[in-house]
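> Sequence and predicted structure, then a few things I'm wondering about:
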Amino acid sequence: MNARIRFQLSTMMFLEFFIWGGWFVTLGTFLGNNIQANDGQIAMAFSTQSWGAIIAPFIIGLIADRYFNAERILGVLHLLGALLLYLMYGTSDFDLFYPYVLGYMIAYMPTLALVNSVSFNQMKDPTKEFSFVRVFGTAGWIVSGLIISYAFHWDSETGIAKGMLRNTFLMTAIASAILGLFSFTLPKTPPRADRSEKVKLSNILGLDALKLLTDRNFMIFFIASILISIPLAFYYQNTNPFLVEIGMENATGKMTLGQGSELLFMLLLPYFFNKFGFKKTIMVSMLAWALRYLLFAFGNVGEFSFFLLIGIALHGICYDFFFVSGQIYTDSKAGPKYKSSAQGLITLATYGVGMLIGFWVAGKISNLFLQADGSHLWRDIWIYPAGFAFLVLLLFAVFFKKEKIVYKS
């Protein structure tokens with residue numbers, strides 16, 4: 001890639017994840033404290049991410065792989081997202097907030113696959129090049145968290161009491177409008193599927209990539225992706241409310257420590273990936289998931305506050321080693337024809353089916369350990385995702401056969 005294209009892709013990734021991190025991290029805290037939503041309603045709001053992810057491969061398969069350039073659809077979706085974020089900013093009732101966040105997630109989740117497709121289309125060897133572009137997405141998430149905690153103090157006790165967390169939606173609405181317009185300047189990423197082929201129902205719904213499931217290893221990876229996303233949902237839904245509830249100051253800013261570790265491990269990923277292979281990389285990530293939840297279970301803001309910080313810092317291994325490795329693995333399996341559909345399929349497995357189940361389970365377990373004074377028995381809550389992540393690790397270790405990544409021409 002030349003410097004201009006690298007800059008464009010890096011800026012795209014920065015804004016993509018600045019937007020997501022800028023409102024999603026504090027969503028549970030905002031809903032519980034400023035809209036007085038209960039655990040069940042908070043789980044409903046978070047599950048809109050999963051409904052968006054379930055719909056995403058249908059949109060991607062129809063539009064990006066078959067009819068329209070990926071970068072143009074990316075622009076349209078982010079402009080629509082800017083409007084919906086602004087509507088969320090002006091809403092203080094959960095019954096009104098829910099359809100807006102659902103509509104937003106249906107628009108946003110396909111963009112996760114689209115930014116990958118636009119990036120991969122410019123790369124000769126994504127195993128070496130992708131992480132150096134994707135790392136700017138991590139930087140965007142970090143900057144959004146630092147702005148919330150340290151620039152504006154929206155997540156401070158006073159800020160929460162004054163309802164200032166709603167400003168996160170205005171901030172990200174502006175960023176989404178910028179990315180929407182910027183997307184039309186990105187390198188052209190035309191559809192690759194043959195439009196002269198007879199259109200089948202699977203084509204219309206974007207399910208072309210389902211044929212990848214006939215590969216045994218990919219099927220095991222697909223199932224593992226669904227299962228490991230169940231404990232992942234606990235992190236997204238519960239971590240910020242957990243840290244705020246137990247009294248951690250600048251919780252959102254400190255959570256960016258996780259993205260800071262992402263920066264490091266994103267840069268280490270090509271070495272680790274090529275040195276130890278795909279299977280070991282995935283297994284390390286699963287072990288990190290189990291360990292982080294145990295650290296959350298036994299940490300506190302006093303003597304064992306370092307447990308919490310280490311648990312947050314493990315996010316780099318948890319996320320990069322599983323999800324970024326998985327995106328590269330999926331891209332290698334798909335070949336040039338169905339790259340967008342394949343990325344949409346893995347988004348369906350992780351952010352869709354897996355996390356939909358996970359958000360529901362997290363809401364039920366959180367409510368189960370809710371005390372009369374409104375606080376939670378967090379140690380009991382965190383034990384559940386820790387145990388489940390370790391079980392998924394054992395299953396993957398047994399059934400996934402060692403495989404070398406080979407790109408199809």
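The structure has been received and is ready for your questions.
> what about residue 373, is that helix, strand or coil?
For residue 373, the assignment made with DSSP: H, G, I helix; E, B strand; the rest coil gives coil.
> how many neighbours does it have?
5 (other C-beta atoms under 10 Å). Heads up, the C-betas are built off the backbone N, CA and C, glycines and all.
> which phi and psi does it have?
Backbone torsions of residue 373, given as degrees, to the nearest 10, read phi -90, psi 10.
> Buried by neighbour count: which residues of stretch 372-386 qualify?
376, 378, 381-386 (16 or more other C-beta atoms under 10 Å).
> Just give me how far it sits from the chain centre.
Stretch 372-386 sits 23 Å away from the centroid of its parent chain (C-alpha atoms, centre = their mean, to the nearest Å).
> Filter the buried residues of stretch 372-386 down to just the ones in helices.
If you go by DSSP state H, those have 378, 381-386 in helices.
> need the contact list for residue 179.
Contact analysis of residue 179 by C-beta atoms under 8 Å, 6 or more residues apart in numbering lists 12, 15-16, 19, 75, 78.
> hmm, try it at 7 Å
Listed by C-beta atoms under 7 Å, 6 or more residues apart in numbering, the contact partners of residue 179 are 15-16, 19, 78.
> can you give me the offset of the host helix or strand of it from its chain's centre?
In this structure, residue 179 sits in helix 167-183 according to DSSP states H and E. Using C-alpha atoms, centre = their mean, the mean C-alpha position of helix 167-183 is found 18 Å from that of the whole chain.
> Now it: average pLDDT?
Taken as a whole, helix 167-183 carries a mean pLDDT of 98.
> Look at the residue nearest to the spatial centre of the chain and report its pLDDT.
Centroid-nearest residue in the chain, with C-alpha atoms, centre = their mean: residue 351, separated by 6.7 Å. Note on residue 351: pLDDT of 82.
> okay, now residue 115: neighbour count?
Counted with other C-beta under 10 Å, residues neighbouring residue 115 total 26.
> Report the contact partners of residue 346.
Contacts of residue 346 were listed using C-beta under 7 Å, 6+ apart, and they are 225, 326-327, 330.
> repeat that for 6 Å
Going by C-beta atoms under 6 Å, 6 or more residues apart in numbering, residue 346 touches residue 330.
> which SSE is it in?
Assigned by DSSP H and E, residue 346 belongs to helix 339-347.
> now residue 224
Assigned by DSSP H and E, residue 224 belongs to helix 216-245.
> Would you mind listing the buried residues in that helix?
Within helix 216-245, the residues scored as buried using 16+ other C-beta under 10 Å are 217-218, 220-245.
> Give me the average confidence score over that helix.
Helix 216-245 shows a mean pLDDT of 94.
> for stretch 39-51, same thing?
Stretch 39-51 shows a mean pLDDT of 94.
> who touches that stretch?
With C-beta under 6 Å, 6+ apart as the test, stretch 39-51 has contacts from 28, 31, 94, 101-102, 105, 237, 351-352, 355-356, 359-360, 363, 366-367.
> which helix in the protein runs the most residues?
helix 251-298.
> And the next helix or strand past it?
Downstream of helix 251-298, the first helix or strand assigned by DSSP H and E is helix 305-313.
> chain center to that next one: distance?
21 Å.
> Just the CA trace of the following helix or strand past that helix, in PDB.
Following helix 305-313 in sequence order, the next helix or strand is helix 315-319 (DSSP H and E). This file holds the C-alpha atoms of helix 315-319, laid out as PDB (Å, rounded to 0.1, in the frame of the first residue of the first chain):
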ATOM      1  CA  HIS A 315      -8.400  -7.100  26.700                       C
ATOM      2  CA  GLY A 316      -5.600  -6.800  24.200                       C
ATOM      3  CA  ILE A 317      -5.000 -10.600  24.200                       C
ATOM      4  CA  CYS A 318      -8.700 -11.400  24.500                       C
ATOM      5  CA  TYR A 319      -9.800  -9.300  21.600                       C
END
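> Could you name the helices and strands sitting against helix 315-319?
Here helix 315-319 touches helix 251-298, going by 3 or more C-beta pairs under 6 Å, 6 or more residues apart in numbering; DSSP states H and E.
> which ones are touching residue 74?
111, 114, 183.
> So which of the residues you listed wins on neighbours?
Greatest neighbour count in those, by other C-beta under 10 Å, goes to residue 114: 32 neighbours.
> what are the phi and psi angles of the nearest residue to residue 38 once chain neighbours are set aside?
Using C-beta to C-beta, 6 or more residues apart in numbering and skipping the chain neighbours, the partner closest in space to residue 38 is residue 367 (7.6 Å). Phi and psi for residue 367, reported as degrees, to the nearest 10, are phi -70, psi -30.
> measure residue 367 to residue 310 for me?
Distance, residue 367 to residue 310, using C-beta to C-beta, to the nearest Å: 28 Å.
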